[in-house]
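> Got a sequence here, can you build the structure:
(2 chains)
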Amino acid sequence: MENIYLPELAVIDKIVEETRDTKTFTLRFADENYNSRFSFKPGQFVEASVFGVGEAPFGFCSNPNRKGSFDITVRAIGAVTNAMHRMDVGDVLGIRAPLGNSFPLEEVKGLDILFIAGGIGLPPLKSLIEPMLDRRQDFSNFTILYGARTPQDRVYKSILADWEKRNDLVFMQTVDSSHDGWIGNIGVVTTLFEKIEIDTTKTVAFTCGPPVMIRFVIQELLTLGLPEDRIISTLERYMKCGVGKCGHCAIGNKYVCVDGPVFSYRQIKKLPEK
Amino acid sequence: MTQVGQKLVVEREQMLGLLDALRKDMDIIGPTKMPDGEVTFEHIESSKEITFDYMNDFDPLKRYLLPAKEDLFTFKLGQKLPKLEAASPKKPQLLFGVRSCDVQGFVHMDAFFSGAYQDNYYWERRNQTTIISMACNRPLDTCFCICCNGGPWLERGFDLQLTDLGGRFLVDVGSDKGVDLLGRIKGAPSTASEKEESQRQALMQACDAQMIPTAYLAKAVIQITNNRVRDELWEKMGAECFSCGGCTHVCPCCTCFDVQDCTIDETTGVRFRCWDSCQYSGFTREASSHNPRARTKERVKRRFYHKLSYAYIHQDGHPGCVGCGRCITVCQAFGLLDISAVVKRLRREGQPEPKPVAANA
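Residues are numbered from 1 along each chain as shown, chains lettered A, B, ... in the order given. Below you'll find the model as predicted:
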């Protein structure tokens, strides 16, 4: 029987400092055979171990079409994440992956695609944005809205700049506050809604961010008339095992780790707790 | 040739002799009397240590399949790559004299630890475990297994099920493992006669009759499933609960665990899992300090949702309760928050106000 709790070893190939408290780690499995066979889907996640400290879940943020390595973006906030931030290139983590369900991709072909991300909610969405952009012609209008606390708190600044230059998508960003010559939008991410046009008959929205942001975004989308099954979000819960056994991430009779993390609003609405 | 489903009769001495014969192949765990008179299920060296004068262990026997603390793997750092070693396979074990409610708890755990992700540590233990259960001839005053299909005797879940007919046992053969066990017994067991079967029937009916059906679950299931419980009652129960986690620790159906790393020295350590409780405030607290169930009320509500909502009953095939009554004994909140008290309170104090009927309707 497969050992569902024993991680694979993964080497840190690269570390990028995104913000003052957030880094992106590029990882590759030490076992080359395992590494070459490994694949994941957008929206899935890993359980990453720092041996001696513990294990924590992180969404994949790199393009699943990229083989040979993958990225996770990590904000230093607890014991495991702070320990990860102290690590260097060449250091080794434990990884159990891929875990969880994934974003619908084939199912939304031909639709208008709308992403609404807040802060550290952009990384998991990026694992879907990038493979979609690889086959941009399969989708209709493509819009990405991104909100962060300050300009410095934005992750993937060079990628954001690339998106801004592209003419086959609309990219808008906003910050809650700024003190240093930011000439872009100021205000919460929902204030960007009035600047775009949403055809509710053929739009699917993907949103990820802090719980309070997600709540407001969903409310706004419902007010605009977007159907509940075309509002896709991810739920976040404290998690230990990642395989539906430890019980921590249960909401109602669903386990975020195996039944999620991706849920449509139609599913979220039915949960007995919010 | 003995077959699954057969009913046999075995003398008490034969059964004890079997345990002594099996002793060299496996750990034997059975009811033993402590110096203070309390009976707990412990590892035994000889069948002489076994007592038949017992009701049940205060601690659920789930600890022999899901130990309170269990190593997952050790890690050794210091080299280029850390070295991980999974915890070693377990020794075969025989659980003797397990009460029906605990067996029903095992049935619950078997289902839970299966599915898309088979819990390898659970199954390593489970596959090497033999269960000889003991049907109950009389209940404790906290027992309510008849409310939850958890006893006093069972149809499945055991390898052998014994019913004490006084000096001899009626034996239900529950599995191939049970057939093999009987093959090792000295002297051929006899087939149960009609008289012996009706004697068992009478014993079980007498046990049923002595049990006070304190936990009438059906109404509570409907209320919880449809969220038709006055919020004030959850509020009240939240204020009464000490969040001690006792109810979940003694529950044969509660399986939640935490996972922790423990360093032994600078380069070695172990990752283990240990029982956790949804009643602890830290159970759902995230690193950001966001906590979806920060309030006791929400955690009490969660516990009974898991035990009694139709969503879970449908998924598991039965409620998350076997009627062992241990939560009644353990609850510090003056008998207010065990499952039998709560289903009663839901019925009596928890009914929401009827919806106002619209005028001229």
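> if I look at residue A:203, how far off is residue A:167?
Between residue A:203 and residue A:167 the computed distance is 20 Å (CB to CB, to the nearest Å). Every C-beta, even on glycine, is put in place using the N, C-alpha and C of the backbone.
> So for those two, which sits in the more crowded spot?
Using other CB atoms under 10 Å in any protein chain shown as the criterion, residue A:203 and residue A:167 rank with residue A:203 on top: 23 against 5.
> residues touching the residue lying closest to that one once chain neighbours are set aside, list them.
Excluding the flanking residues, the one nearest residue A:203 by CB to CB, 6 or more residues apart in numbering or on different chains is residue A:112, at 4.2 Å. By CB atoms under 8 Å, 6 or more residues apart in numbering or on different chains, the contact set of residue A:112 is A:139, A:140, A:141, A:142, A:143, A:198, A:199, A:202, A:203, A:204.
> can you tell me how far residue A:112 sits from residue A:33?
From residue A:112 across to residue A:33, the span is 41 Å (CB to CB).
> if we can go back for a sec, of all the contacts of residue A:112, which two lie farthest apart?
Every pair in those was compared (CB to CB); the two farthest apart turn out to be A:139 and A:198, at 14.6 Å.
> Against residue A:140, how distant is the residue nearest to residue A:203?
With the distance defined as CB to CB, residue A:112 ends up 5 Å from residue A:140.
> Quick check: which helices or strands does the host helix or strand of residue B:298 pack against?
Counting by DSSP states H and E, the secondary-structure element that holds residue B:298 is helix B:296-308. Other elements packing on helix B:296-308 under the criterion 3 or more CB pairs under 8 Å, 6 or more residues apart in numbering or on different chains; DSSP states H and E are helix B:217-225, helix B:231-240, helix B:339-349.
> can you give me the strands for the stretch 1-150 of chain B?
Secondary structure of the stretch 1-150 of chain B (DSSP state E, counting those that start in this stretch): strands at B:7-11, B:27-33, B:39-44, B:69-76, B:83-86, B:93-99, B:129-134.
> Can you tell me which of these is nearest to chain A?
Set against chain A and scored by CB to the nearest CB, the strands of the stretch 1-150 of chain B come closest in strand B:69-76, at 4.4 Å.
> Parallel or antiparallel, list what pairs with the closest one.
Strands that pair with strand B:69-76, judged by DSSP bridges, come out as strand B:83-86 (antiparallel), strand B:268-275 (antiparallel).
> Near residue A:66, how many other residues are there?
Number of residues near residue A:66 (other CB under 10 Å) recorded here: 13.
> in stretch B:238-251, what's buried?
Buried positions in stretch B:238-251, judged by neighbour count with 16 or more other CB atoms under 10 Å in any protein chain shown: B:238, B:241, B:245, B:246, B:247, B:248, B:249, B:250, B:251.
> for chain A, what helix or strand is lowest in average pLDDT?
Evaluated with mean pLDDT, DSSP states H and E, the helix-and-strand set of chain A has its lowest mean pLDDT in strand A:185-186, which scores a mean of 91.
> picking that back up, the residue nearest to residue A:203 and residue A:206: what is the separation?
Looking at residue A:112 against residue A:206, where the rule is CB to CB, the gap reads 12 Å.
> circling back: common neighbours of residue A:112 and residue A:140, please.
Between them, residue A:112 and residue A:140 share the neighbouring residues residue A:202, with contact defined by CB under 8 Å, 6+ apart.
> that older thread, any chance of CSV for the strands of the stretch 1-150 of chain B, columns distance to residue B:341?
Formatted as CSV, the entries for the strands of the stretch 1-150 of chain B read as follows, by distance: least, CB to CB, whole Å:
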stretch, distance to residue B:341
strand B:7-11, 38
strand B:27-33, 28
strand B:39-44, 26
strand B:69-76, 30
strand B:83-86, 43
strand B:93-99, 22
strand B:129-134, 28
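> Mean neighbour count, mean pLDDT and distance to residue A:213 added to these, as CSV?
Converted to CSV, the strands of the stretch 1-150 of chain B look like this (neighbours: other CB atoms under 10 Å in any protein chain shown; pLDDT from 0 to 100; distance: least, CB to CB, whole Å):
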stretch, mean neighbour count, mean pLDDT, distance to residue A:213
strand B:7-11, 19, 95, 64
strand B:27-33, 20, 97, 53
strand B:39-44, 17, 96, 52
strand B:69-76, 18, 97, 36
strand B:83-86, 15, 96, 38
strand B:93-99, 24, 97, 51
strand B:129-134, 24, 97, 49
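> Out of the ones you listed, which gets nearest to residue A:46?
When these are compared by CB to CB, strand B:83-86 sits nearest residue A:46, at 16.4 Å.
> Please list the residues outside that closest one that contact it.
In contact with strand B:83-86 (CB under 8 Å, 6+ apart) are residues A:3, A:6, A:7, A:9, A:94, B:72, B:73, B:74, B:75, B:76.
> Could you rerun that using 6 Å?
Applying CB atoms under 6 Å, 6 or more residues apart in numbering or on different chains, the set of residues contacting strand B:83-86 from outside is A:3, A:6, B:73, B:74, B:75, B:76.
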